[in-house]
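Undergrad: fold the following.
(2 chains)
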Amino acid sequence: DTAVSQTPKYLVTQMGNDKSIKCEQNLGHDTMYWYKQDSKKFLKIMFSYNNKELIINETVPNRFSPKSPDKAHLNLHINSLELGDSAVYFCASSLQGFPDTQYFGPGTRLTVL
Amino acid sequence: QKEVEQNSGPLSVPEGAIASLNCTYSDRGSQSFFWYRQYSGKSPELIMSIYSNGDKEDGRFTAQLNKASQYVSLLIRDSQPSDSATYLCAVEGGSQGNLIFGKGTKLSVKP
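TA: Numbers count the residues shown, from 1 in each chain, chains lettered A, B, ... in the order given. Sure, this is the predicted structure:
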């Protein structure tokens, strides 16, 4: 059974394009997160939603817009992609938020050409 | 800027040895500390959490916390080749309780 799933697994696109990454969790958790892991493996939180409400919004360009249609889904839309957006994006979820254990999805490797 | 520092390694130990992974953090107010393991090309998974000064043991893993020195470590006893991975230290870092991750230490256990 897949706990936290993401689609697509790989995404290759040109600069300037708009793309979305989808995340779904079947754990019944209330809180979901988006992280970015750059080429140096540095993992940094971008957003956190609790029951569809934005809780954490770190310093992220406003080209990135998360959307949570329900508490089981947290999608990430990126406008006007730039080279520096190339990274692995991880979705995660936790039962009720910090300090509950966060379960990570498999990641989406985004490559911007 | 709150920071979490780790030696990026690689740390190489022979099979059966003790691997010692270290982490320091800048925010003296942090109360919660975590160790995640990340295999190459995979997602991070939580292996240990620690909240109080001292040692916490779970199987072959021991987390050690010293808040006065702002230092947290992970010991892996009887290291196995399957322990070869990058270990990420994470510290509670914000008002909303978000995690701040270190850059990770790559561990290689040689058979």
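
Undergrad: assign the most centrally placed residue in chain A to helix, strand or coil.
TA: Centroid-nearest residue in chain A, with C-alpha atoms, centre = their mean: A:Trp34, separated by 3.2 Å. Taking DSSP: H, G, I helix; E, B strand; the rest coil as the rule, one finds A:Trp34 in the strand state.

Undergrad: run the contact check for stretch B:98-106 versus chain A.
TA: Yes: Stretch B:98-106 reaches chain A (C-beta under 8 Å from any C-beta of the partner chain) through B:Asn98, B:Leu99, B:Ile100, B:Phe101, B:Lys103, B:Gly104. The C-beta positions use only the backbone N, C-alpha and C, and glycine is treated the same way.

Undergrad: so which of the residues you listed belong to strands?
TA: Residues of those located in strands (DSSP state E): B:Leu99, B:Ile100, B:Phe101.

Undergrad: quick one: which of the residues you listed is most hemmed in?
TA: B:Leu99 (27 neighbours; other C-beta atoms under 10 Å in any protein chain shown).

Undergrad: beta-bridge partners for it, please?
TA: Beta bridges link B:Leu99 to B:Glu92, judged by DSSP bridges.

Undergrad: wait, what's in contact with it?
TA: Counting by C-beta atoms under 8 Å, 6 or more residues apart in numbering or on different chains, B:Leu99 makes contact with A:Ile45, A:Phe98, A:Gln102, B:Phe34, B:Ala90, B:Val91, B:Glu92, B:Gly93.

Undergrad: whichever residue of chain A sits closest to chain B: how many residues sit nearby?
TA: Proximity of chain A to chain B (C-beta to the nearest C-beta) peaks at A:Phe98, 2.9 Å away. Close neighbours of A:Phe98, defined as other C-beta under 10 Å, add up to 17.

Undergrad: same question for A:Pro99.
TA: 16.

Undergrad: so who does it touch?
TA: B:Ser32, B:Ser49, B:Tyr51, B:Glu92, B:Gly97.

Undergrad: next, format those as CSV and append distance to A:Ser94.
TA: As requested, those are arranged in CSV below (distance: C-beta to C-beta, whole Å):
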residue, distance to A:Ser94
B:Ser32, 13
B:Ser49, 12
B:Tyr51, 16
B:Glu92, 13
B:Gly97, 10
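
Undergrad: closest to B:Leu74 among those?
TA: B:Ser49 (11.2 Å; C-beta to C-beta).

Undergrad: which non-adjacent residue is nearest the closest one?
TA: Nearest residue to B:Ser49, sequence neighbours excluded (C-beta to C-beta, 6 or more residues apart in numbering or on different chains): B:Phe34, at 4.9 Å.

Undergrad: show me what contacts that neighbour?
TA: B:Leu46, B:Met48, B:Ser49, B:Ile50, B:Cys89, B:Ala90, B:Val91, B:Leu99.
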